[in-house]
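> predicted coordinates and the sequence they were generated for:
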Amino acid sequence: MELFISYFEALKLLMLDMSPWLVLGFFIAGLLHVFFPDGKINNILGRSNMKSVIRAALIGIPLPLCSCGVIPAGISIYKNGASKGASVSFLISTPQTGVDSILVTYSMLGLPFAIIRPFVALATGIFGGFFTNKTEISQNAFGNSSQKKITNKKSRKNIFVSIFRYAFVDFLQDISKWLIIGLLIAALIAVLVPDDFFASYIHNDFFGMLIILAASVPMYVCATSSVPIAAVLLMKGISPGAALVFLMAGPATNAATISVIGKSMGRKTLFVYLTTIITGAMLSGMFIDYLLPGEWFALPHHMHGHRHEHSMLPQWIHIASALLLLAFIVHIYIRKYYYKLFGNHQQIKTTMGDMKIFVRGMNCNHCKTSVENNLSKLDGIESVSVDLDSETVSLKGKNIDWAKVKATVEGIGYRYEEIGK
């Protein structure tokens, strides 16, 4: 019982620390979504030069996309005309950080980590894109000359609704599962792992980085949920450099990302992608541990088990933000399971007459948007509607070329399956 109480106390403190910055980060993510839509990204990344590579990294850094959501986004911009170098730059820099994770990093790990993290994402993205352009002859196997362009129409009257819906419904729905998992793991480490564990058993910082790297590359953890885990690991004695390795390599890679990039962009591109992330993470970790003052990376006072009197924000803001965030998360899961239990009949009724296919592997609203946008560009298709819960895509149109539909779905990293198979 004492362990149980300690666990929930640690979980409560972590939630209170993160909540104000998460709420602010989600809101900024909504602003980015409304005022910087995907179509603008696709239009400025087409050339195989350093300017496009740098642009892709700069665009990717503030975007709140994890390594799950960045797969369809990155493959989509490649499919729609971006150069391979720019696409790799985007795929590397985007999941490592985002506006939400930068704010949470500042709150939980301090200003130096919050500054260094996006700079490492920028550098690794640029180097990855540069070496991809140097090693790849054919920059884009898809092209976009024959595809229809989609206009992104947003009513000015609904801008605030669009911002709010994306921030606290669509995006929060995508990240909530992994955010919760990250918090649960961080609280578990805080309670079960003895203080100074890493300092006692791993005496070599470089060896500690290699251990963290080996664990980080295949696992899935989003940029935001990686922060509380890194903070707790620091409390247990891991070096700041090893913590940075986890913050960079964990969100940037996972088994699914590796598989899709290899299939969609080739083994050579995958090699450059992984080599850049691994090398960048290790060099950055060594830079922090061996060249920068250790006191720069001391955790903020409120992360050492103290209460929130030490926080830069009043305690009532932490409590209100945590309650607000919990309310949004509960609302999302109530909607999700209510729909599964009672929404099937209505879904069949509204899609009667549509042609349906299964698209396996869609996990988030970025996946949904990517599938809808790319299929909508094919000739003969008038409308596309994706249902994430059932993994079905409803198509309306005439003379649809199903071979092209299959090629498009598989080209952006998903699995095409006909209904009934």
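The structure has been received and is ready for your questions.
> could I get the full set of helices for the stretch 251-400 of the chain?
Assigned helices in the stretch 251-400 of the chain, in chain order: 255-265, 267-291, 315-342, 344-350, 365-376 (criterion: DSSP state H, counting those that start in this stretch).
> and those, which one is worst for confidence?
Lowest mean pLDDT within the helices of the stretch 251-400 of the chain: helix 344-350, at a mean of 42.
> per-domain residue ranges of this structure.
With automatic domain parsing as the criterion, the domains of the chain are listed as 2-323, 345-418.
> how about these in TSV, adding mean neighbour count and distance to Y333?
Every C-beta, even on glycine, is put in place using the N, C-alpha and C of the backbone. Compiled in TSV, the domains of the chain are given as follows (neighbours: other Cβ atoms under 10 Å; distance: least, Cβ to Cβ, whole Å):
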stretch	mean neighbour count	distance to Y333
domain 2-323	20	8
domain 345-418	17	12
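> of the helices of the stretch 251-400 of the chain, which is nearest L111?
Each of the helices of the stretch 251-400 of the chain was checked against L111 via Cβ to Cβ, and the shortest separation belongs to helix 267-291, namely 13.8 Å.
> just the angle for the closest one relative to helix 255-265, thanks.
Regarding helix 267-291 and helix 255-265, their directions subtend 130 degrees when assessed with axes from the mean of the first three to the mean of the last three Cα atoms, to 10 degrees.
> what's the closest non-adjacent residue to S239?
Closest residue in space to S239, ignoring its immediate chain neighbours: D205 at 4.3 Å, by Cβ to Cβ, 6 or more residues apart in numbering.
> is it true that the one you found touches L244?
No - with contact defined as Cβ atoms under 8 Å, D205 does not count as touching L244 (11.4 Å).
> what's the angle from the longest helix seen in the chain to helix 365-376?
If you go by DSSP state H, the chain has its longest helix at helix 2-35. Angular relation of helix 2-35 and helix 365-376 on a 0 to 180 degree scale: 30 degrees, by the same axes, to 10 degrees.
> how far out from the middle of the chain is helix 2-35?
When distances are taken as Cα atoms, centre = their mean, to the nearest Å, helix 2-35 is centred 16 Å away from the chain's centroid.
> and what of stretch 171-190?
Centroid separation between stretch 171-190 and its chain, computed with Cα atoms, centre = their mean, is 13 Å.
> ok, which of the domains of the chain comes nearest V330?
For the domains of the chain, proximity to V330 was assessed by Cβ to Cβ; domain 2-323 is nearest, at 9.9 Å.
> just the terminal-to-terminal distance for the closest one.
25 Å (Cα to Cα, to the nearest Å).
> show me the shaky parts of the stretch 51-200 of the chain.
For the stretch 51-200 of the chain, the stretches with pLDDT under 70 are 66-69, 71-73, 75-77, 79-81, 136-157, 195-199.
> okay, stretch 101-119 in PDB with CA atoms only?
Taking Å, rounded to 0.1, in the frame of the first residue of the first chain, the C-alpha atoms of stretch 101-119 are listed here in PDB:
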ATOM      1  CA  SER A 101       7.700  19.200 -26.000                       C
ATOM      2  CA  ILE A 102      10.000  22.300 -26.000                       C
ATOM      3  CA  LEU A 103       7.700  23.900 -23.400                       C
ATOM      4  CA  VAL A 104       7.500  20.800 -21.300                       C
ATOM      5  CA  THR A 105      11.300  20.300 -21.600                       C
ATOM      6  CA  TYR A 106      11.800  23.900 -20.200                       C
ATOM      7  CA  SER A 107       9.500  23.200 -17.300                       C
ATOM      8  CA  MET A 108      10.900  19.800 -16.300                       C
ATOM      9  CA  LEU A 109      14.500  19.800 -17.500                       C
ATOM     10  CA  GLY A 110      15.400  23.500 -17.500                       C
ATOM     11  CA  LEU A 111      16.400  26.100 -20.100                       C
ATOM     12  CA  PRO A 112      19.700  24.600 -21.400                       C
ATOM     13  CA  PHE A 113      17.900  21.400 -22.400                       C
ATOM     14  CA  ALA A 114      15.100  23.300 -24.000                       C
ATOM     15  CA  ILE A 115      17.500  25.300 -26.100                       C
ATOM     16  CA  ILE A 116      19.900  22.500 -27.100                       C
ATOM     17  CA  ARG A 117      17.100  20.000 -28.000                       C
ATOM     18  CA  PRO A 118      15.700  22.000 -31.100                       C
ATOM     19  CA  PHE A 119      19.300  22.900 -32.200                       C
END
